[in-house]
Each structure stands twice: as structure tokens, then as C-alpha cells.
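Undergrad: sharing a sequence plus its predicted fold:
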2 protein chains.
Amino acid sequence: MARAATAVENRTPESQRLMQELFPHTGRALTLGITGSPGAGKSTLVDGIIRHLRGEGRTVGVIAVDPSSPFSGGAILGDRIRMSAHYADPGVYIRSMATRGTMGGLAPATTDMALLFDAAGRDVILIETVGVGQDEVEIARLADVTMVVLVPGMGDDVQAMKAGIMEIADVFIVNKADQPGAEKLERELLATLGLAHRNDNWFPPVVRAVAKDGKGIAESLEAARNYMQFEGRRNNAGERWAMRLKQMLRERLLERFEESDFTQAAERVTTRTCDPYSIVDDWLKRV
Amino acid sequence: MARAATAVENRTPESQRLMQELFPHTGRALTLGITGSPGAGKSTLVDGIIRHLRGEGRTVGVIAVDPSSPFSGGAILGDRIRMSAHYADPGVYIRSMATRGTMGGLAPATTDMALLFDAAGRDVILIETVGVGQDEVEIARLADVTMVVLVPGMGDDVQAMKAGIMEIADVFIVNKADQPGAEKLERELLATLGLAHRNDNWFPPVVRAVAKDGKGIAESLEAARNYMQFEGRRNNAGERWAMRLKQMLRERLLERFEESDFTQAAERVTTRTCDPYSIVDDWLKRV
């Protein structure tokens, strides 16, 4: 498993063959994307969800794409110690992903990693990402259910929505709901949700949680499962695969080029030795 | 010019041939990207910059990618009346772009439009975009100089930076600098800039402006020109073209497919009739 995961992360040539072989054995796991700003308490929530799922007798795979996550070795010592209990449990498999510089992009590597966990028989796969940046939004979008974790008093509530997080959330979790400002945050969220329109007519529920005390964990999972039951949900496997296939096509095409192909061609373009349209035509013929 | 612009916007087959012919005549214009939230006063600033450039005897092309811009026919009546003076001036050519659903993407169409204006002999090309979303960030990045307009009291200062705007700004303009909070915004900006690191070591200047009174216009242009003079600036034509060629390659590849190719393939993938890796392999062979 660990060797396969490393091959997938490094996108070695054999990882493609491996994924082809594994693919027919996928499609059973539930993948939950959990995203939010650093400090929102994502990892504590993930920790709680793992415990809850293990209590139900389910196996779990965790992919941490957040460099500050204790699952990635980041965060403070106390967190890491708490998490370490899971490392001893064979029912929990944890893998952190390098967040930058992954060959061919982070999103494709994460998707393949989730498929690998799926094929290996994990019941639920949790993907933890920090909710900033295009990569992370893309990853969150690739999960069955995308859960956005917010906390009061960070001032990034409505702003986070502007940055595209709003659109991808199937479930909102207001963590640290015992702190001042939680109600205000929830009100703002509901008001903004009232204005937003999703083409599947799903109204993302807002779950209150105090993850460090285990509060709101069961409710968060229930909300995710409700969305899975929701008929005609937007975020279905078909749509996700259509998007993913497009990405794969682009990536695989770019793999056939070196970075120097682009810089050398750019030199010819800036000196007006050649126009960019003819260069791209030639490239497409050559492929 | 108008017919060529329409062909470019619609990305007709003849627009590619046109661009190939025009390309050797490009490379002379200065392109300025002006981005910021709705309400930041971008259009008023653009209006001021046009007047200033016309005063210098320079010809101007304006591409409005912001649906709320008075240049696109949006915004309030007063704005549109003010702008209409430019429409009577043959030294100013204004074109608005449909912001969504442009075949092959908004960024490529905007780049080609800027090249068209360049070939037509415009001295300066202003590209106005609303600073939200991936498309807009990409467009801003394609300009010679990217200017980010902020206003006090909108609370989106530091947040805007988180969303990737910070990284692309070569010049910051604090508009409505006569309003309360302008100094605080400027202080916050400078503090954040002090922490940021650009690989070209350019320290983006912060220009105070009251665009509606014509204040800060000359200074904004001067800051942009200073950046153009800055040796080893990151945002140079070579780097931009390398990025652009990559985009063009992806777009041109995707043009050979129909949306239904992806949805039909996704169906085969979700039913596990076929794995996605083999499908993409077949596609690349077919291309």
C-alpha cells in the first residue's frame, strides 16, 4: 500500500498501469473533502470523524493536503500526539501529500490516491485541504461531499465565499461554536446562502460543532450522508469524471513537453521570429 | 477593426489566420491590467488614465472584462455618460468582452484582443477586470503591468490578497484615499508587502488616488512605467509567453473534442465499463 501510494504521488510510469488495474475495484468508498482556513480546526474535526467512523466499524483513509495539518507532521505537538493513536490502528491509513511541485499537479495525484484507497477497500476517505488556492478548490470539488469548516472571529467568513469556497460547499461546519461570534457567523452564512443559487437546489446545511469536545461530529457526518442521499445532487460522479477526464487529457498532453520547449518557443515569439499560433499548430501535429 | 474584434472574441476559424498575419506587427504597445473589486472605482481610474494618456497624445485601447464596468454598458448612468466622451474620440477604442461562456476561455480571447489592438497601433492598452475568480487573475497576469485597486472600508484588503491578488500586483492603488480608513489600509498593505517575497525583488509601490478628482492618476501611470523600467522584472514578455503557449496548447487540444465526448466517457467510467487512463490514452492516440 505504502509503495503504491508513493508511486501514485510521484506519478511514476508504473503508477498509471497500477491505476488501470485497480480501477475496476473502485467506486465503493465515500470521499469527504474537508476544507477551511488554517486554524479553523479541520484536523480536530477530521480526528473526531475518524473516531466516529471507527466506532461504526468502518475503515478510513486520510489524505492530508494541508501542510499545517498534524496528519502531515505539521501543527503543534499536542495535535500530533493525539493523531498518533490513529497510526497504530490498521483500520486507519493516513497519507500526506506534498502540497507543491507534484508532477502533473496536486489534484490528479490526490484523485488517484483516493482511488487507490478505494480499491484497497477503505469505506470512507477523508481529504483534508487548506481552503485557499485553486488546487485546493479543485481537490475539494473532486470529493463526493465537500465540507467547509469556518470559525467565528476570523473575519474570513463572507470573504472565503467570494473566493469560490461558497460555491463548492455542500455542508458548512461552524466549528468552535461555543465562542463569541458563532451565531453571527451562522446568521451571515444563512443570509448569504439564501441569496445563492445552486442548480441542484440543495440548500447546504450549517452544522454547529465544537470539534475538540466531540460535539457536532455525528451531525456533520449525518449532513454529508444526507447530501449523498439527495436526489439529483450536482456533485455527482458523472460530472466529476467528465471534469477529471478533461484535466487528465490536458496533463497527459503537457507531459509530452519539456519546460524548455515552452521557454524556447517563448523566446521565438518575443523576438517575433515566429507567431505563437503556428508554433502551437506544429506542436499539435507533432504529438 | 470592429469586425476583427468580433472574430477574435468569437474565436472563429478566420480569427486564427488573422492573428497569425497580425502577429509580426505586435509588441509595441504597453498593456496595463487594472483589477479590483466592484465598487473600488476601477472605471473612474481607467477614465482618468485615458484622459491623461490622450493629453500625452497617445492612442488608447480599452478592454473591459468587468460586466459592471460602464465601458461594458453596466454601472450607473452618470458613469456611462462620462465614458461616452471617449466613444467620440478616434484615439480611444473601447471593447467589452462577454465575461462568461467565451469559446475556449476568456483569457485567450482577451490576449488576442490586446494583440489586435497592439497591431492596430494603439500605444497603451488598458484591460479592466473585476478582481475575483481564476479567469480574471489569469487575465491580469497577462498584462505588462498589473495594477490592483483597493478602497478603504470594504474589508476586502487583506482578504483579497489571500485570494491570490496580492501575488499578481505590480502596483497597488488605494483609491478614495480621502475617505476614512485609507491610511489604515495603506499601513496594512505595506506591512503585508514587507512579509511577502517576490522573486524579482520588486517592491510594489502603493499609490494614493482620488480618481474622481483626477488625483493620483499621473502617479499611477508613473508607477507602472517605473515597473516597466525595472531590470529583471518578473512579469516579462518571455515568461508570459511561455505560460500563454502552454494555455494555447491545452485549449487547441480541447477544441478537438465535444463536451459530449467527456460526458459519454464519464458514463463509461462511472459504470466501470472502462478505466479513465485507457480512455485518455486512446484520445491522445486519436488526436
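TA: In hand now; what should we look at?
Undergrad: need the phi and psi values for A:Leu30.
TA: phi -100, psi 130 (degrees, to the nearest 10).
Undergrad: check contacts around it.
TA: A:Leu30 is in contact with A:123-125, A:144-145, A:224, A:228, counting by Cβ atoms under 8 Å, 6 or more residues apart in numbering or on different chains. Placement of C-beta: from N, CA and C, glycine included.
Undergrad: rerun at 6 Å
TA: The contact partners of A:Leu30, by Cβ atoms under 6 Å, 6 or more residues apart in numbering or on different chains, come to A:124, A:144.
Undergrad: where does it land on pLDDT?
TA: As predicted, A:Leu30 sits at a pLDDT of 95.
Undergrad: where's A:Tyr87 relative to A:Ile50, distance?
TA: Distance from A:Tyr87 to A:Ile50, counting by Cβ to Cβ, to the nearest Å: 11 Å.
Undergrad: neighbour-wise, which of those two wins?
TA: Ranked by neighbour count (other Cβ atoms under 10 Å in any protein chain shown), A:Tyr87 and A:Ile50 place A:Ile50 first, with 24 against 12.
Undergrad: tell me what the one helix or strand that one maps to is packed against?
TA: Using DSSP states H and E, the element containing A:Ile50 is helix A:42-55. Helices and strands touching helix A:42-55, as assessed by 3 or more Cβ pairs under 6 Å, 6 or more residues apart in numbering or on different chains; DSSP states H and E, comprise strand A:30-36, strand A:124-130, helix A:217-229.
Undergrad: what residues does chain A put near chain B?
TA: Residues of chain A found near chain B (Cβ under 6 Å from any Cβ of the partner chain) are A:16, A:19-20, A:23-24, A:27, A:132, A:134, A:159, A:163, A:237-238, A:241-242, A:245-246, A:248-250, A:252-253, A:262-263, A:265-266, A:269-270, A:272, A:275-277, A:280, A:283-284.
Undergrad: mind giving me the ChimeraX command for buried ones among those?
TA: Selection command for ChimeraX covering only the buried members of those, criterion 16 or more other Cβ atoms under 10 Å in any protein chain shown:
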select /A:16,19,23,132,159,163,241,242,245,246,248,249,250,252,253,262,265,266,269,270,275,276,277,280,283,284
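Undergrad: in helices, which of the residues of chain A next to chain B fall?
TA: Using DSSP state H, the members of those that fall in helices are A:16, A:19-20, A:134, A:159, A:237-238, A:241-242, A:245-246, A:248-250, A:252-253, A:262-263, A:265-266, A:269-270, A:276-277, A:280, A:283-284.
Undergrad: show me where the stretch 51-200 of chain A has strands.
TA: A:60-64, A:92-96, A:124-130, A:145-150, A:171-174 (DSSP state E, counting those that start in this stretch).
Undergrad: pull up the pairing partners for the second one, direction included.
TA: Strands adjacent to strand A:92-96 in the sheet, as given by DSSP bridges, are strand A:60-64 (parallel).
Undergrad: which residues outside the strand it pairs with are in contact with it?
TA: A:50, A:53, A:71-72, A:92-96, A:113, A:117, A:122, A:124-128.
Undergrad: chain center to stretch A:253-268: distance?
TA: Mean-position distance between stretch A:253-268 and its chain equals 30 Å (Cα atoms, centre = their mean, to the nearest Å).
Undergrad: and if you look at stretch A:52-60?
TA: Computed by Cα atoms, centre = their mean, the chain-centroid distance of stretch A:52-60 equals 20 Å.
Undergrad: in that stretch, what counts as buried?
TA: So, applying 16+ other Cβ under 10 Å, buried residues of stretch A:52-60: A:52-54, A:59-60.
Undergrad: mind putting these in TSV, distance to B:Thr44 and pLDDT included?
TA: Shown next, in TSV, are those (distance: Cβ to Cβ, whole Å; pLDDT from 0 to 100):
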residue	distance to B:Thr44	pLDDT
A:His52	54	97
A:Leu53	55	97
A:Arg54	59	96
A:Thr59	59	97
A:Val60	54	97
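Undergrad: quick check: the farthest pair among these?
TA: A:His52 and A:Thr59 (13.1 Å; Cβ to Cβ).
Undergrad: could you measure from A:Arg122 over to chain B?
TA: Distance of A:Arg122 to chain B, computed by Cβ to the nearest Cβ, to the nearest Å: 17 Å.
Undergrad: A:Arg141 too?
TA: A:Arg141 is 13 Å from chain B, by Cβ to the nearest Cβ.
Undergrad: same check, this time on A:Ala29
TA: Distance from A:Ala29 to chain B, counting by Cβ to the nearest Cβ: 14 Å.
Undergrad: count of neighbours near the residue lying closest to that residue once chain neighbours are set aside?
TA: Sequence neighbours aside, A:Asp118 is the residue nearest to A:Ala29 in space, at 4.0 Å (criterion: Cβ to Cβ, 6 or more residues apart in numbering or on different chains). For A:Asp118, the count of nearby residues is 21 (other Cβ under 10 Å).
Undergrad: is it correct that A:Asp118 is in contact with A:Thr26?
TA: Yes - between A:Asp118 and A:Thr26 there is a contact under Cβ atoms under 6 Å: 4.2 Å.
Undergrad: returning to what we had before: what does the helix holding A:Ile50 rub up against?
TA: Helix A:42-55 is contacted by residues A:34, A:36, A:60, A:69-70, A:86, A:91-92, A:124, A:126, A:128, A:149, A:211-212, A:214, A:217 when judged by Cβ under 6 Å, 6+ apart.
Undergrad: re earlier: next, format the strands of the stretch 51-200 of chain A as JSON lines and append distance to A:Ala5.
TA: Shown next, in JSON lines, are the strands of the stretch 51-200 of chain A (distance: least, Cβ to Cβ, whole Å):
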{"stretch": "strand A:60-64", "distance to A:Ala5": "9"}
{"stretch": "strand A:92-96", "distance to A:Ala5": "5"}
{"stretch": "strand A:124-130", "distance to A:Ala5": "12"}
{"stretch": "strand A:145-150", "distance to A:Ala5": "23"}
{"stretch": "strand A:171-174", "distance to A:Ala5": "27"}
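Undergrad: and of those strands, who's closest to B:Ile139?
TA: Once these are compared by Cβ to Cβ, strand A:124-130 is nearest, at 25.5 Å.
Undergrad: next, the angle from that closest one to strand A:30-36.
TA: Per axes from the mean of the first three to the mean of the last three Cα atoms, to 10 degrees, the angle that strand A:124-130 makes with strand A:30-36 is 20 degrees.
Undergrad: need the contact partners of strand A:124-130.
TA: With contacts defined as Cβ under 6 Å, 6+ apart, strand A:124-130 is touched by A:29-35, A:38, A:42, A:46, A:53, A:58, A:60-66, A:69, A:114, A:117, A:136, A:139-140, A:143.
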